[in-house]
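1. model this:
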Amino acid sequence: MGVVKDLIGLVFGRLTVISFSHIGENNRSYWNCLCDCGENFVTMGNSLTTGNTRSCGCLKKDLQTTHGMYKHPAYSAWA
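-> Residues are numbered from 1 along each chain as shown. Presented below is the predicted three-dimensional model:
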């Protein structure tokens, strides 16, 4: 096993690394993170450092926008 770079305290998107979790398959390091939304989340260190993981999943939900116009008469005409 190689040396694991300490990521504790670093912030990646909405995730703050709070502690080391474990070494998984192929000697990959996993980290316990706290998301800005309050969720605890475990992810690979490589996913954090490459930017592939930026939240616990809440970011994707927040980026999905809705127009809120489904009760408008034009919506039923469109549908």
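2. Give the full set of residues in contact with the residue most central in space within the chain.
-> Central residue of the chain (CA atoms, centre = their mean): Ser55, 1.8 Å from the mean position. Residues near Ser55 by CB atoms under 8 Å, 6 or more residues apart in numbering: 13-15, 35-37, 41. All C-beta spots, glycine's among them, are computed from the backbone N, C-alpha and C.
3. Next, it: secondary structure please.
-> coil (DSSP: H, G, I helix; E, B strand; the rest coil).
4. Report pLDDT for it.
-> On pLDDT, Ser55 comes in at 94.
5. Strands of this protein, start to end?
-> 11-12, 15-23, 29-35, 40-44 (DSSP state E).
6. circling back: what about the contacts of Ser55, which one has the most neighbours?
-> Within the contacts of Ser55, Leu15 tops the neighbour count with 25 neighbours, counted by other CB atoms under 10 Å.
7. Lys5 reaches Gly45, doesn't it?
-> Yes - using CB atoms under 8 Å, Lys5 is in contact with Gly45, at 7.2 Å.
8. Looking at these two, which is more packed in?
-> Gly45 (21 against 9).
9. tally of neighbours for the spatially closest residue to the more buried one that is not a sequence neighbour?
-> In space, and not counting its chain neighbours, Gly45 is closest to Ser29: 4.3 Å by CB to CB, 6 or more residues apart in numbering. By other CB under 10 Å, the residues close to Ser29 number 19.
10. same question, Cys56
-> Neighbour count of Cys56, defined by other CB under 10 Å: 21.
11. cool, and the one 3 residues further on?
-> Summarising burial for Leu59: neighbours were counted as other CB under 10 Å, giving 16.
12. Could I get the phi/psi values of the closest residue to it other than its chain neighbours?
-> Nearest residue to Leu59 in three dimensions, chain neighbours excluded: Arg14, at 6.0 Å (CB to CB, 6+ apart). Main-chain dihedrals, Arg14, degrees, to the nearest 10: phi -100, psi 0.
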